Each structure stands twice: as structure tokens, then as C-alpha cells.
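>>> coords please:
(chains A and B)
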Amino acid sequence: MEMDKTDKKYTNGEITVFWHPKKCIHATTCYRELIEVFNPRKRPWVNMDGAPTEEIIRVVKLCPTQALSFKYNKELAPVNTPETAPVLCEARVMEDGPLVLKGEFRIYDTDGQELRHMKMTSLCRCGASETLPFCDGTHRKIGFTGK
Amino acid sequence: MDDNQEIRNNAPEVRIEPGGPIVLKGYFTFRDSSGNIITGEQEIYLCRCGGSKNKPFCDDTHKIIGVPG
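Residues are numbered from 1 along each chain as shown, chains lettered A, B, ... in the order given. The predicted structure follows:
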């Protein structure tokens, strides 16, 4: 399928769902079937953690206009890296909030000292946390906005 | 070297720069707040002062407004 610059993609690590807004006629099938994943009131409107892969595939296939499509990630061309390399770490930017790190990573504080091993943490992006470099929720109090 | 140790050695590095950004370096998945995802070997600088005009990325605004800690 030809990609358009308005197209978006969402993945859960196993499959990638493509959304082609120009093809969408708002038939509402996707969110009537699976609001946990396809919720037009949320941003991003597709939450790939909202249902098992098989369920997402079932609903994508119901889309009457092919505005939704999917591919298995193993079929997609790997970017920059050998296909065999497992992804150990995800860094996720929360809108108006912190940076969330999940998985395996090594983290070094401002003095260069490695911090204790952790599998998940949130790092301050607003600059106002009292527990820097970590998030303490202060971004809400100060009304931090940031993509 | 056990498997866990090997995994940790291959894990990406996160550095908190004094007075500066968060530096992420290595092989990882980066997901921005719009849901765009990039997986691969990469090095990115993320704003930590809250003042960048190019969020989530650092644009050196911290040099003007400063980052505490």
C-alpha cells in the first residue's frame, strides 16, 4: 500500500497497525468492536496495549475501507539493526509528563555514578521535580506542557 | 558471564547530563507522545529543563534558563 504523509502507525512489538486517515469514512466499526484499542477520544487514538494481538487483528480486518491495516513486525524491514537483536528497552515520552523507561538499561546520574539497577523509572522533563532526575508528579502542579 | 549479565551489558545507556539533557544511547525503542516509534541503534538528547522549543528534544535552551540538578 502506498504511504501517505498523514498515515500513522502503532505497534505492540508483535504487529504494527497502520492508519490511513484519508481512507477513513468513520464507519465506527473499530471502536464499536474494541474501544480499549481504538478510542477516537484519546491521543494517540490507538492503544496497542488495550487488547491481545489476535483481537486487534480481528477488528482491523473488519474495517470496511482498509483505512486500518496491519503487518507482523517480523515481515517489516528491520531499521538499522539485525532482525535478531531483541529490543531490551523502551523509552516513552508521556505528553505533558515524564520520560518513562522500561526494560533493560543502565542509568548514570549527573555525577557519572551508575544508579541502582531498575526495570522501570520515570524521568522528569519539566525541570521542577524535587526528586531529580526522577519525576515526582510536579509537572501537574506547574501545568507543564510538552510533546 | 551469565545471560543476564550479557543482556545488561548490551542494554542502552541513559545519562543524566549535569545542567543538561537526558542522553539515550544504544539499541532501544523510542516512542514519542504521538505514538511514533523508532527502534534501532540511536543516540538522542531529550529536554530536561522544560524549556525546549523542540520538545521532546533538547535545543540547548537549558543554557539560557538552566536545569536544576
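>>> from now on I want contacts and neighbour counts done on CA atoms only, so please keep to that.
OK.
>>> now residue B:41. Nearest residue, chain neighbours left out?
residue B:27 (4.2 Å; Cα to Cα, 6 or more residues apart in numbering or on different chains).
>>> equivalent analysis for residue A:109, please.
residue B:16 (5.1 Å).
>>> count the neighbours of the one you found for me.
Residue B:16 is flanked by 24 other residues according to other Cα atoms under 10 Å in any protein chain shown.
>>> got it, and residue A:117?
Neighbours of residue A:117 using other Cα under 10 Å come to 11.
>>> for it, what are its contacts?
A:106, A:107 (Cα atoms under 8 Å, 6 or more residues apart in numbering or on different chains).
>>> for residue A:31, same thing?
Contacts of residue A:31 by Cα under 8 Å, 6+ apart are A:37, A:38, A:39, A:40.
>>> just the buried ones among those residues, please.
Buried by 16 or more other Cα atoms under 10 Å in any protein chain shown: A:37, A:38, A:39, out of the contacts of residue A:31.
>>> what residues are up against the second one?
Under the criterion of Cα under 8 Å, 6+ apart, the contact partners of residue A:38 comprise A:30, A:31, A:45, A:46, A:47.
>>> now, which of those lie within strands?
Among the contacts of residue A:38, DSSP state E puts none in strands.
>>> any idea which of those has the most stuff around it?
residue A:46 (24 neighbours).
>>> got a pLDDT number for the closest residue to that one other than its chain neighbours?
Closest residue in space to residue A:46, ignoring its immediate chain neighbours: residue A:38 at 4.8 Å, by Cα to Cα, 6+ apart. pLDDT, residue A:38: 97.
>>> can you check residue A:3 too?
Note for residue A:3: predicted pLDDT of 69.
>>> before we move on, the earlier item: for the buried ones among the contacts of residue A:31, give me a markdown table that also has secondary structure.
Formatted as a markdown table, these follow (DSSP: H, G, I helix; E, B strand; the rest coil):
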| residue | secondary structure |
| --- | --- |
| A:37 | coil |
| A:38 | strand |
| A:39 | coil |
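>>> and the helix of greatest length in chain A, what's buried?
Determined from DSSP state H, the single longest helix within chain A is helix A:53-62. Buried residues in helix A:53-62, counted by 16+ other Cα under 10 Å: A:53, A:56, A:57, A:59, A:60.
>>> quick one: terminal-to-terminal distance for stretch A:63-72?
18 Å (Cα to Cα, to the nearest Å).
>>> contacts for that stretch next, please.
The contact list for stretch A:63-72, computed with Cα under 8 Å, 6+ apart, reads A:14-25, A:27, A:29-30, A:57, A:60-61.
>>> re the thing from before, just give me how far the longest helix of chain A sits from the chain centre.
18 Å (Cα atoms, centre = their mean, to the nearest Å).
>>> what's the answer for stretch A:118-130, then?
Relative to the mean C-alpha coordinate of its chain, stretch A:118-130 is positioned 18 Å out (Cα atoms, centre = their mean).
>>> quick one: terminal-to-terminal distance for that stretch?
End-to-end distance of stretch A:118-130 (Cα to Cα): 20 Å.
>>> near chain B at all, it?
Yes. Stretch A:118-130 reaches chain B (Cα under 8 Å from any Cα of the partner chain) through A:124, A:125, A:126, A:127, A:128.
>>> dump the residue contacts of the closest residue to residue B:45 other than its chain neighbours.
In space, and not counting its chain neighbours, residue B:45 is closest to residue B:23: 4.7 Å by Cα to Cα, 6+ apart. Taking Cα under 8 Å, 6+ apart, we find residue B:23 in contact with B:13, B:14, B:15, B:16, B:17, B:43, B:44, B:45, B:46.
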